[in-house]
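Novice: kindly return the folded structure for what I paste below:
(2 chains)
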2 protein chains.
Amino acid sequence: MDHARSPLALPFPAIPAIDGVTLRVARARYKEWDRCDLTYAELAEGTTVAGVFTRNVCCSSEVELGREQAMLGRARALIVNAGNSNAFTGYRGREAVEQIMAQVAGHLGCAPSDVFVSSTGVIGVPLPKDKAQAGVAAALEAPPCSWEDAAQTIGTTDTFPKGALATAVVAGRTVTIAGIIKGSGMIAPDMATMLGYLFTDAAVDPGFLQRCLTRASDDTFNCITVDSDTSTSDTVLAFATGKAGNPVLAGADDPGADAFAAALHDVCRQLALLVVRDGEGAQKLIEVQVSGAQSDESARRIGLAVANSPLVKTAIAGEDANWGRVVMAVGKAGEPADRDKLSIGFGGTWAAREGLPLADYDEAPVAAHLKGREIRIEVDLGLADGQATVWTCDLTHGYIAINADYRS
Amino acid sequence: MDHARSPLALPFPAIPAIDGVTLRVARARYKEWDRCDLTYAELAEGTTVAGVFTRNVCCSSEVELGREQAMLGRARALIVNAGNSNAFTGYRGREAVEQIMAQVAGHLGCAPSDVFVSSTGVIGVPLPKDKAQAGVAAALEAPPCSWEDAAQTIGTTDTFPKGALATAVVAGRTVTIAGIIKGSGMIAPDMATMLGYLFTDAAVDPGFLQRCLTRASDDTFNCITVDSDTSTSDTVLAFATGKAGNPVLAGADDPGADAFAAALHDVCRQLALLVVRDGEGAQKLIEVQVSGAQSDESARRIGLAVANSPLVKTAIAGEDANWGRVVMAVGKAGEPADRDKLSIGFGGTWAAREGLPLADYDEAPVAAHLKGREIRIEVDLGLADGQATVWTCDLTHGYIAINADYRS
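Specialist: Alright, predicted model coming up:
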């Protein structure tokens, strides 16, 4: 299957080296392809780590192990396998992960639990140990590569490599946060997996890093949806090498903690949006802004109900200002809503206010907005102050073509 | 938009007259079309009624009023408007419904609350009172029509008329239950609405009728999904004229109560499946059988997670035995599941058992099964005795064509 580059793609940003992070890639040949498919990030001694993982209860061994490792807060290496998710493979899958952890730990002289492993691709096929071993051996010896090479290598059917960057000043020192992510492509028979990695030279206590990452994830990665299907392998890890030499950030009151948290949030948001921009078949990026809800969490649920509605997503694909479908999606969310206080708009123009279509509704600006690549749907509940923003893409023939027009 | 008859359509059954029910149809011309779009069912004095309604909080006035009326338990008439759902139209929409209730009540000499009104079609446009008045007047004087005519008239973009029939023996008398339903078609800008009506000549206390209908709905109407989008107007009403002359059924211990409840359940199940057979773009009917779950309710939620997964639905469209996507959907349901006890099958052949792909998995019978029109996905959780069956259809280019390939 060939996938054309998404019309919503962005160019890869110029990301500088992060002190304490060395990237290398190699060919493990997990599939019949001629490309690098194994990524190795070597991390300086003293690197701290935090992680957020899929809530899918049928998660992979990588996720089970990663969740335990992240609680220890230390990292020396990351290995990402592309082409085989190793999910639903029982003890054989787990053995393959443990073999990789041992191999890298032996090379670095660290504990196996300092080695994080992620895999993405076909499900139900144990990761082949021989290919993994040879691939890891090659990666350990490979020359350092660029961020873009690493971003390309973790991808599967992604149509463009995805990276993001932000800086913050912490106690007089500039720290850098770089991130790469993959997500939303398909390989038959397969499922989309979102794998994201953030690297910073800041010195950050793992507990505080975890709090920053969890909070940022809540309004970034947890506010995007392509097709409402949660992968068994979704993982986001943040690594902090400490090489910037700032006083260790350990709590929200430390100097520069706010700036660091904001920069980390910014990178998460950029990465999350890149995944939506590469959503399967996506022609339009949709931002759903919900206000006036009973609470922020209620607003998020309502936003996701709108963003996951096939009828809303197909309406946007058809450039159709179908606010009735938005009303329906709000109503089915199961959250507090009052039909007679509800307002719906597109790109800043209200179509309906307080439960009634606007008598003087001018569709011209809405029609012009819907022809664009970036669409905004506004939902105001008129109840309280809860708000949220959620992102998705439209549902097009491309989605069906990618997911149905083949047999595995 | 023209829609070809669904390849999953069934012929309309031969439904006999139900004593106490007279059907008539007329042209209200709610849209620019040359077809009957207003259905009138006149019900004998003494008819009891029960109803189940959408849980969408942005429901229409018809649903709000119908919910109150059904609690009174009495009915003399049903009016169904096709082409305008009258949803999200505020006080003007409500006035149109009350006008229809008064008009029919005046004709029959009954209370307005004995007149049930449903509407389906475009949202956000108040039902035009003048067209409604003329249409109702014409329907009151129209000659009686057939069940198939009525089923056709309540439809909007349904591709075939839908009816079902069952009988039961109650205390020595045969009673008949007939039902018609519409659902799953679209009119721009619109949303699918499911409207179902059951009619029986049995004498049934409204409280018992409500309990039978609620229970039957739970495993029939509430176990189907086309696209996970809940309409603002969904309604199922059951009317019992009492003309069969049986002793009034008032409780589960009455003679024949079991048979009646089973027959009513049977009609609900037939009607529900007909809606899925006319799901937008449907090429295959999918039955998801879940067993071994923590509870029946847990099984139903897992079944719906599988049935609503775009990745599972597109896999079936592609005739792809992609059990990995089923695993993913089970895992994201948020219900108790243990990856290492989970088994997945298609049409009676296991692909994976207890968390592992079967070593001797023979895909040939599965591939043959998936080429058919009626597909079964089996999910066994291996935890306890909870079970449920859920129905959906595949997700195809037809769905996108119906919902995205036009502008309103």
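
Novice: from residue A:296, how far out is the most centrally placed residue in chain A?
Specialist: The centre of chain A sits closest to residue A:272, judged by Cα atoms, centre = their mean, with a distance of 4.5 Å. From residue A:272 across to residue A:296, the span is 17 Å (Cβ to Cβ, to the nearest Å). Any C-beta I mention is one placed from the backbone N, CA and C, and that applies to glycine too.

Novice: hang on, the residue nearest to the centre of chain A is in a helix, isn't it?
Specialist: Yes. Counting by DSSP: H, G, I helix; E, B strand; the rest coil, residue A:272 is found in a helix.

Novice: my read is that it contacts residue A:225, right?
Specialist: No. Contact criterion Cβ atoms under 8 Å: residue A:272 and residue A:225 do not qualify, at 10.4 Å.

Novice: residues touching the residue nearest to the centre of chain A, list them.
Specialist: Residue A:272 makes contacts with A:181, A:220, A:221, A:223, A:224, A:391, as judged by Cβ atoms under 8 Å, 6 or more residues apart in numbering or on different chains.

Novice: residue A:268 is in contact with the second one, correct?
Specialist: This points to residue A:220. Yes. With contact defined as Cβ under 8 Å, residue A:220 counts as touching residue A:268 (4.0 Å).

Novice: what about the helices in chain A?
Specialist: Counting by DSSP state H, one finds helices in chain A at the ranges A:61-72, A:90-108, A:129-141, A:147-154, A:206-219, A:257-277, A:296-308, A:310-317, A:323-332, A:363-370, A:397-404.

Novice: how about the first one against chain B, any contact?
Specialist: No. Looking at helix A:61-72 against chain B by Cβ under 8 Å from any Cβ of the partner chain, there are no contacts, and the closest approach is 9.3 Å.

Novice: show residues contacting that helix.
Specialist: Outside helix A:61-72, the residues that touch it by Cβ under 8 Å, 6+ apart are A:49-51, A:53-54, A:75, A:86, A:89, A:93-94, A:97-98, A:101, A:113-114, A:116-119, A:210, A:232-235, A:237.

Novice: angle of that helix against helix A:90-108?
Specialist: 50 degrees (axes from the mean of the first three to the mean of the last three Cα atoms, to 10 degrees).

Novice: the third one now?
Specialist: The directions of helix A:129-141 and helix A:90-108 differ by 20 degrees, with the same axes, to 10 degrees as the criterion.

Novice: average model confidence for helix A:129-141?
Specialist: Across helix A:129-141, the average pLDDT comes to 98.

Novice: output it in PDB, but only the C-alpha positions, please.
Specialist: Output of helix A:129-141 as PDB, limited to C-alpha atoms (Å, rounded to 0.1, in the frame of the first residue of the first chain):
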ATOM      1  CA  LYS A 129      14.300 -12.700  18.500                       C
ATOM      2  CA  ASP A 130      17.000 -13.300  15.900                       C
ATOM      3  CA  LYS A 131      16.100 -10.200  13.800                       C
ATOM      4  CA  ALA A 132      15.800  -8.200  17.000                       C
ATOM      5  CA  GLN A 133      19.200  -9.300  18.200                       C
ATOM      6  CA  ALA A 134      20.900  -8.600  14.900                       C
ATOM      7  CA  GLY A 135      19.100  -5.300  14.600                       C
ATOM      8  CA  VAL A 136      20.000  -4.100  18.100                       C
ATOM      9  CA  ALA A 137      23.700  -5.200  17.500                       C
ATOM     10  CA  ALA A 138      23.800  -3.100  14.300                       C
ATOM     11  CA  ALA A 139      22.200  -0.100  16.000                       C
ATOM     12  CA  LEU A 140      24.600  -0.200  18.900                       C
ATOM     13  CA  GLU A 141      27.400   0.300  16.400                       C
END
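
Novice: start to end distance for stretch A:315-325?
Specialist: 8 Å (Cα to Cα, to the nearest Å).

Novice: report whether that stretch contacts chain B.
Specialist: Yes. On the criterion Cβ under 8 Å from any Cβ, stretch A:315-325 is in touch with chain B at A:315, A:317, A:318, A:319, A:320, A:321, A:322, A:323, A:324, A:325.

Novice: and those as a markdown table, adding pLDDT?
Specialist: Below are those laid out as a markdown table (pLDDT from 0 to 100):
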| residue | pLDDT |
| --- | --- |
| A:315 | 92 |
| A:317 | 93 |
| A:318 | 92 |
| A:319 | 93 |
| A:320 | 91 |
| A:321 | 90 |
| A:322 | 88 |
| A:323 | 89 |
| A:324 | 86 |
| A:325 | 88 |
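
Novice: one step back: tell me the phi and psi of the spatially closest residue to the residue nearest to the centre of chain A that is not a sequence neighbour?
Specialist: Nearest non-adjacent residue to residue A:272, counting by Cβ to Cβ, 6 or more residues apart in numbering or on different chains: residue A:220, 4.2 Å away. Dihedral pair for residue A:220: phi -120, psi -80, per degrees, to the nearest 10.

Novice: for burial, what's the neighbour tally of residue A:220?
Specialist: Residue A:220 has 24 neighbours, counted by other Cβ atoms under 10 Å in any protein chain shown.

Novice: roughly how far apart are it and chain B?
Specialist: Residue A:220 sits 19 Å away from chain B, going by Cβ to the nearest Cβ, to the nearest Å.

Novice: then residue A:28?
Specialist: Taking Cβ to the nearest Cβ, one finds residue A:28 at 20 Å from chain B.

Novice: roughly how far apart are the residue nearest to residue A:272 and residue A:68?
Specialist: From residue A:220 to residue A:68 the distance is 24 Å (Cβ to Cβ).

Novice: hang on, the earlier thing: contacting residues for the residue nearest to residue A:272?
Specialist: Counting by Cβ under 8 Å, 6+ apart, residue A:220 touches A:265, A:268, A:269, A:271, A:272.

Novice: tabulate those (CSV), appending pLDDT.
Specialist: Compiled in CSV, those are given as follows (pLDDT from 0 to 100):
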residue, pLDDT
A:265, 93
A:268, 89
A:269, 89
A:271, 86
A:272, 85
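
Novice: okay, those in JSON lines with distance to residue B:22 next?
Specialist: As requested, those are exported to JSON lines (distance: Cβ to Cβ, whole Å):
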{"residue": "A:265", "distance to residue B:22": "66"}
{"residue": "A:268", "distance to residue B:22": "64"}
{"residue": "A:269", "distance to residue B:22": "62"}
{"residue": "A:271", "distance to residue B:22": "64"}
{"residue": "A:272", "distance to residue B:22": "59"}
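
Novice: let me know the closest of the residues you listed to chain B.
Specialist: Closest approach to chain B among these (Cβ to the nearest Cβ): residue A:272, at 18.3 Å.

Novice: rewinding a little: tell me which of the contacts of residue A:272 fall in strands.
Specialist: Among these, the members found in strands (DSSP state E) are A:181, A:391.

Novice: quick one, which of the contacts of residue A:272 are buried?
Specialist: By neighbour count, with 16 or more other Cβ atoms under 10 Å in any protein chain shown, the contacts of residue A:272 hold A:181, A:220, A:221, A:223, A:224, A:391 as buried.

Novice: farthest-apart pair in those, please.
Specialist: Distances among these were taken as Cβ to Cβ; the most separated pair is A:181 and A:223, at 14.7 Å.

Novice: follow-up on the earlier one: now, which of the contacts of residue A:220 sits nearest residue A:247?
Specialist: When these are ranked by distance to residue A:247 (Cβ to Cβ), residue A:265 comes first, at 21.1 Å.

Novice: name the nearest residue to the closest one, ignoring sequence neighbours.
Specialist: Spatially, and ignoring its direct neighbours in sequence, residue A:265 is nearest to residue A:216 (4.2 Å; Cβ to Cβ, 6+ apart).
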